[in-house]
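Asks: here's my sequence, what's the structure:
(chains A, B, C and D)
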Protein chains: 2
Amino acid sequence: MAETPQVQLPARRRQIADAARHLLEAEGPDALTMRRIGEALGIKAPSLYKHLPDKTALEAQLVADAFTELAEAMEAASANAASPTVRLAAVARAYRRYAVDHPHLYRLMNYRPLRRDLLPDDLENRSALPLLEAVEYDEARARAMWAFAHGMVSLEIDNRFPSTADLDAAWQAGLAAFS
Amino acid sequence: MAETPQVQLPARRRQIADAARHLLEAEGPDALTMRRIGEALGIKAPSLYKHLPDKTALEAQLVADAFTELAEAMEAASANAASPTVRLAAVARAYRRYAVDHPHLYRLMNYRPLRRDLLPDDLENRSALPLLEAVEYDEARARAMWAFAHGMVSLEIDNRFPSTADLDAAWQAGLAAFS
DNA sequence: ACCGTAGGCTAACGGTGTTAGCCAGGTCAA
DNA sequence: TTGACCTGGCTAACACCGTTAGCCTACGGT
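Replies: Numbers count the residues shown, from 1 in each chain, chains lettered A, B, ... in the order given. The predicted structure is shown next:
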């Protein structure tokens, strides 16, 4: 629990991941090119391949970091909850918060095939757990709630709702329905 | 109502859209390149630009067609519904069906910025209407239900649920919650 | 003092969307 | 009939992408 956030990475590789993440969050997915990442570190793109096998591995690193952070945020929200209803609302709020604060990262996690082979294998379980607890281990309800939350934040960050839409009301409707 | 499905397009442009759609559905998004589309029509990629301004416009065409079809499917499902509860279930079933039958198209519609400027302007309203009717014009519940449905099919077509998951049960849980 | 390796580099390849410029063929008017 | 114009093909090329091959420099260890 007092362990490092991710599996220990070679320092240079960590720097690359950090630069990549900064580019993605600051300028969006089109800026996430090997040449741009190299430039941010003062080296040329081909040199990056001394540290990673390919771009897919780098993206997987970003995704793994993001899943870990999201799980941590939900765990923290879940910790001090008095009742299941309160806990569900708190976990949902943390989920939404993370997505809205990191939309490009959220899309990288969720809008493309999940490379489970390149990720730590407990990641999915860990990030599913807070929600599962909050619905008292009712799997069907947990999956429905997960879908609702994922749908809500997707539609929100992609500007699919009318600008006049009361999203808090929609969240409230969903939470009430699943509590 | 007896009108053509889309706004009348020049024949060649319609052929291009059809070829593109076939490529996308048969081989996935990586196959949707201007060169492949040209090849399917027996012409070279640059010649396509005699008929369209750019690839974005072509994708917008596919998206517009898909939204129209999805709206039609939901309208048909909605038509013969005895009660609101039945209607909601029928519309949801039609939505899921369309997404599962056309996953690549569904992602093209939903996993990237919506170019509203390139789409017919009543499209979004039209495809929102069946669901809105089914929840008797409760906007918050409509948005929550939309998010739930979008989340469910996204997670399903992207293989995010465990293979053992009972998706019908999750749908049932959601529908019950929103009825 | 040597040797191996770590980590840079340049050049290049095949792919992408896209533009410029050329040219054959058909249509239509004078 | 002839000339003009337009439609819709073409090739060549550009800038960018991820990636590979091969070179070279500097450092660490025996």
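
Asks: where does chain A have low pLDDT?
Replies: Where chain A drops to pLDDT under 70, the residues are A:1-7.

Asks: for whichever helix in chain A runs longest, give me every contacting residue.
Replies: The longest helix of chain A (DSSP state H) is helix A:55-79. The contact list for helix A:55-79 (C-beta atoms under 8 Å, 6 or more residues apart in numbering or on different chains) reads A:5-6, A:9, A:13, A:16-17, A:20-21, A:24, A:32, A:34, A:37, A:52, A:87, A:90-91, A:93-95, A:97-98, A:102, A:105-106, A:108-109, A:114-115, A:118-120, A:123-124, A:126-127, A:129-131, A:133-134. For every residue, glycine as well, the C-beta is placed using N, CA and C.

Asks: of these, buried ones?
Replies: Among the contacts of helix A:55-79, those classed as buried by 16 or more other C-beta atoms under 10 Å in any protein chain shown are A:13, A:16-17, A:20-21, A:24, A:32, A:34, A:37, A:52, A:87, A:90-91, A:93-95, A:98, A:102, A:105-106, A:108-109, A:114, A:123-124, A:126-127, A:129-131, A:133-134.

Asks: what's the neighbour count on residue A:100?
Replies: 13 (other C-beta atoms under 10 Å in any protein chain shown).

Asks: tell me which element it falls in.
Replies: Using DSSP states H and E, residue A:100 maps to helix A:84-101.

Asks: that helix and chain B in contact?
Replies: No - under the criterion of C-beta under 8 Å from any C-beta of the partner chain, chain B is not reached by helix A:84-101; the shortest gap measures 11.1 Å.

Asks: what's the offset of that helix from the middle of its chain?
Replies: On the basis of C-alpha atoms, centre = their mean, to the nearest Å, helix A:84-101 sits 13 Å off its chain's mean C-alpha point.

Asks: rewinding a little: check which residues of the longest helix of chain A are buried.
Replies: Buried-residue list, helix A:55-79, by 16+ other C-beta under 10 Å: A:58-68, A:70-75, A:77-78.

Asks: ok, that helix near DNA strand D or not?
Replies: Yes - Helix A:55-79 comes into contact with DNA strand D (C-beta under 7 Å from any atom of the strand), by way of A:55-56.

Asks: orientation of that helix relative to helix A:84-101 in degrees?
Replies: Put simply, helix A:55-79 runs at 150 degrees to helix A:84-101, going by axes from the mean of the first three to the mean of the last three C-alpha atoms, to 10 degrees.
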